[in-house]
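Engineer: would you be able to build a 3D model of this:
(one chain, ligands or ions: 1)
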Amino acid sequence: MWDRFLRACRREPVDMTPVWFMRQAGRYMAEYRAIRKNHTLIQICKQPELATEVTLQPVKAMGVDAAILFADILLPLEPMGAPFEFAAGEGPVIHHPVRTRADVDALRVIEPEDGLGYVLDAIRMIRRELDGKTPLIGFAGAPFTLASYLIEGGKSSHYAITKRLMYREPEVWHALMGKLSEVVRRYLRAQITAGAQAVQLFDSWVGSLSPSDYVEFIQPHVRHILKDIETTSVPVIHFGTDTATLLELQRDAGGTVIGVDFRTPIDEAWARLGTGVGIQGNLDPLLLDAPRELLTRRIDDILRRIAGRDGHIFNLGHGILPETSPDAVRFVVDYVHERTRR
Ligand code: CP3
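Structural biologist: The predicted model follows:
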């Protein structure tokens, strides 16, 4: 069944539970490292042939039920006027962090066709290569997660500069979030027009905020994106981590499917979210590195809690780590398929 992932997003019956992984293309695969030897991450993203090849690697090698576009959530920052690089061992570095009203005013609200056309070209090429056999997921970063990189200038542990700006200068904050959310809304729409059959919004770091702060500073902007994307026929996965106290608020902001991290039991999360959404995620990525006996017990536990309910997509609570063995990834795909065959 080529579309079991899309059917599960819509909470329709499936022949077996669909499986895909966040970061399913990446350094844990020798095929990816071979391409990375000769190209930077950004070069791979900017050359549709390379992005297509890397996107297809896990589809071929792992038998996952969806492909995810190979790109990065930070790509829109460059055409908006905030160039960055991936420094070896440090992660992303934004050359001129955004910290003042003038910095925010200088950011451009771009049209995705200008500046991100290479992503849209990659989507069209990937769709051709997949030839209707596997659905393609597009994605973007959510405004808070993007703002945290823009303001901090890179990765952060406490988001102190971000939160100071948010609390002390709410007007500047909302102006920044307004620009980011409009770019992300246009970008996801453009990805869908180019051929993405589902999209995921990555709010990876939003769990660093309280529910009150989420409602006041984040939710209106995420809602701006997702209520618009929900008017297309394409499913939207709304994902974050450390979101145990935010799940209902994220659902209210929008999404066909809600992503849950590994900290909340999946049945409790789904009971709180209600019958109107599907659910994705939940296995701790480090369990892929655990002995098979423990890994299978934890998978069985997730499947027991789901109890065959329509609308479940098997995934990790966060991305695959570079040290993980490809064998473990392939094992999980086969095991979940076998255990859930209807
Ligand atoms: O999931 C996939 O297979 C699709 C590709 C994808 C990448 N980044 C490629 C990538 C996706 C969906 C992302 C999203 C992304 N990027 C997020 C949200 C998801 C999450 O993990 O929470 C974030 C926060 C980023 C920003 C980012 N990109 C960071 C912090 C880093 C450095 C991390 C590191 O481990 O060095 C990246 C680099 C990056 N993006 C890699 C990949 C495969 C690392 C590989 C490399 O350097 O070759």
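Engineer: pretty sure Ala51 sits against Ile126.
Structural biologist: Yes. Ala51 is within contact range of Ile126, at 7.5 Å (criterion: C-beta atoms under 8 Å). No exception for glycine: its C-beta is placed from N, CA and C like everyone else's.
Engineer: these two - which one has more neighbours?
Structural biologist: Legend: neighbour count by other C-beta atoms under 10 Å for Ala51 and Ile126, higher for Ile126 (27 against 24).
Engineer: for that one, what is the enclosing helix or strand?
Structural biologist: Assigned by DSSP states H and E, Ile126 belongs to helix 117-130.
Engineer: can that helix be said to contact the ligand?
Structural biologist: No. Using C-beta under 6 Å from any ligand atom, helix 117-130 stays clear of the ligand, with a minimum separation of 11.3 Å.
Engineer: distance from that helix to the middle of the chain?
Structural biologist: 18 Å (C-alpha atoms, centre = their mean, to the nearest Å).
Engineer: excluding chain neighbours, give the residue nearest to whichever residue of the stretch 151-300 of the chain sits closest to the ligand in space.
Structural biologist: Closest approach of the stretch 151-300 of the chain to the ligand (C-beta to the nearest ligand atom) occurs at Ser204, with a separation of 3.1 Å. Leaving aside its chain neighbours, Ser204 sits nearest to Thr145 (5.0 Å; criterion: C-beta to C-beta, 6 or more residues apart in numbering).
Engineer: one step back: quick check: buried residues in the helix holding Ile126?
Structural biologist: With burial defined by 16 or more other C-beta atoms under 10 Å, the residues of helix 117-130 counted as buried are Val119, Leu120, Asp121, Ala122, Ile123, Met125, Ile126, Arg127, Glu129, Leu130.
Engineer: report the beta-bridge partners for Ile279.
Structural biologist: Listed beta-bridge partners, Ile279: Ile258, His312 (assigned using DSSP bridges).
Engineer: circling back to that earlier point, quick check, nearest of the buried residues of helix 117-130 to Trp20?
Structural biologist: Nearest to Trp20 out of those is Leu130 (C-beta to C-beta; 13.2 Å).
Engineer: what pLDDT is listed against the closest one?
Structural biologist: pLDDT for Leu130: 98.
Engineer: which helices and strands does the helix holding Ile126 pack with?
Structural biologist: helix 41-46, helix 48-62, strand 136-141, helix 170-194 (3 or more C-beta pairs under 8 Å, 6 or more residues apart in numbering; DSSP states H and E).
Engineer: who touches that helix?
Structural biologist: Applying C-beta atoms under 8 Å, 6 or more residues apart in numbering, the contact partners of helix 117-130 are 45-49, 51-52, 55-56, 59, 67, 69-71, 75, 112-113, 136, 138, 190-191, 193-196.
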